[in-house]
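Student: Attaching a predicted model along with its sequence, questions to come.
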Amino acid sequence: MNVNIGDDIPEWDMPSVRRERMRTMAAILRDPNPVHWDDTSTGRYGFEGKTINQGPLGLSYMVNMLHDWAGTTSIRRFIMTFPQAVLSEDHVIARGKVTGLRDEEDGTIAECDIWLHNDERGTLLKGSAEVLLPG
Amino acid sequence: MTIPPMPDREEIRALVGHQFPGGTYTIAHWENFLLTECTGANPLPNSQVHPAAMFHVPILGANTTIGEMFALGQAEADSSIGIESYDWELFSPLFEDVPYDITATITEADRVTNDKGRTFDRIQFVFNVADPDGNLSARSTVTWHYHRTTS
């Protein structure tokens, strides 16, 4: 796999964040926060009529992007911050860029900036990842 | 709704070193299947668990809950929690039907006032996930902000 610093990682597209997936996720996580499943609880945040995606779901779109790019066992580290909420029905696109390369015992690690983009609100989530590149 | 009084700063700082009971967690196929579907991905090969499990598996395996973590920091409400970051270190992939041993502790806890004058308590939880041979498979570091409306 030929990777260079500055390379863009192929995007991963989520056309619409679905609220039924948030409900399933709330049950899996045992997460009691109603903002993920009750759209009348989000008005105080200015999101009346919407539900707020769980953090692990929002970041999973970037995991999927990295898996498609470098393989499902490639991620070594994943750090995520949450500057904005991901809402039901949002169209979001996972994006990334290679910022560094280093050699380790088991191969080359790509250091990447990663983020979740929405056309209306810009960057919703952002973080970094370390990815073992396929040999 | 009645907002509880802000806890003393020393109560928050005393959380450092708190150990959760710990325990084991086995990720079943159904759970991984549903979780992976929620992410919009197809099932991963060889019964590999989707890394999105790195949030809830360490918490539940440590024999705690999101609700208990909220309560330890005396959250004013579920909605008063903000996420600073999730940091997942994956030393090897996780797989279905493996009983992982999980230990967890609070490593940082203190009161912060940000540059906008907003006060919150910043609490960091570290969860270690080991395979049945005792090898460290993954680590999850969760850092939350417990926002306070009282002063």
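Tutor: Alright, I've got the coordinates. It should be emphasised that the depicted structure is a prediction, and the values quoted were computed from it without experimental measurement. Residues are numbered from 1 along each chain as shown, chains lettered A, B, ... in the order given.
Student: List the contacts of the most centrally placed residue in chain A.
Tutor: The structure's chain A has its C-alpha centroid closest to residue A:59; by C-alpha atoms, centre = their mean the separation is 2.7 Å. Residues in contact with residue A:59, defined by C-beta atoms under 8 Å, 6 or more residues apart in numbering or on different chains, are A:78, A:80, A:116, A:125, A:127, B:52, B:86. For the C-beta atoms, the positions are set from N, CA and C on the backbone; glycine is no exception.
Student: cutoff 7 Å now
Tutor: By C-beta atoms under 7 Å, 6 or more residues apart in numbering or on different chains, residue A:59 lies in contact with A:80, A:125, B:86.
Student: now do residue B:106
Tutor: Counting by C-beta under 7 Å, 6+ apart, residue B:106 makes contact with B:15, B:16, B:17, B:18, B:123, B:124, B:125.
Student: how about 6 Å then?
Tutor: Residues in contact with residue B:106 (C-beta atoms under 6 Å, 6 or more residues apart in numbering or on different chains) are B:15, B:16, B:18, B:125.
Student: Likewise for residue A:22?
Tutor: With contacts defined as C-beta under 6 Å, 6+ apart, residue A:22 is in contact with A:36, A:51, A:53.
Student: go on, residue B:57?
Tutor: Residue B:57 neighbours (C-beta under 6 Å, 6+ apart): residue B:25.
Student: Model confidence at the closest residue to residue B:43 other than its chain neighbours, what's the number?
Tutor: Counting by C-beta to C-beta, 6 or more residues apart in numbering or on different chains, residue B:36 is the residue found nearest to residue B:43 once chain neighbours are left out, at 5.5 Å. pLDDT for residue B:36: 98.
Student: And residue B:36, its phi and psi?
Tutor: The phi/psi pair for residue B:36 (degrees, to the nearest 10) reads phi -60, psi -40.
Student: Check whether it really touches residue B:47, as I assumed.
Tutor: No. Applying C-beta atoms under 6 Å as the test, residue B:36 and residue B:47 come out as separate, 11.1 Å apart.
Student: So if I had to pick from the two, which one is more boxed in?
Tutor: Between residue B:36 and residue B:47, residue B:36 has the larger neighbour count (other C-beta atoms under 10 Å in any protein chain shown), namely 20 against 15.
Student: Quick check: that one vs residue A:67, distance?
Tutor: Note on residue B:36: its distance to residue A:67, by C-beta to C-beta, to the nearest Å, is 11 Å.
Student: Ok, residue A:130 next?
Tutor: Distance check for residue A:130 against residue A:67: by C-beta to C-beta, it reads 14 Å.
Student: And the two? Which one has more around it.
Tutor: Comparing residue A:130 with residue A:67 by neighbour count (other C-beta under 10 Å), the higher total belongs to residue A:67, at 23 against 20.
Student: could you say which helix or strand contains the more buried one?
Tutor: Mapping residue A:67 onto the secondary structure by DSSP states H and E places it in helix A:55-70.
Student: and the angle from the next helix or strand after that helix to helix A:55-70?
Tutor: Beyond helix A:55-70 on the C-terminal side, the first helix or strand identified by DSSP H and E is strand A:75-81. Here the directions of strand A:75-81 and helix A:55-70 differ by 140 degrees (axes from the mean of the first three to the mean of the last three C-alpha atoms, to 10 degrees).
Student: The following helix or strand past strand A:75-81 and chain B in contact?
Tutor: For strand A:75-81, the succeeding helix or strand toward the C-terminus, using DSSP H and E, is strand A:92-104. No. Using C-beta under 6 Å from any C-beta of the partner chain, no contact is recorded between strand A:92-104 and chain B, whose separation bottoms out at 10.1 Å.
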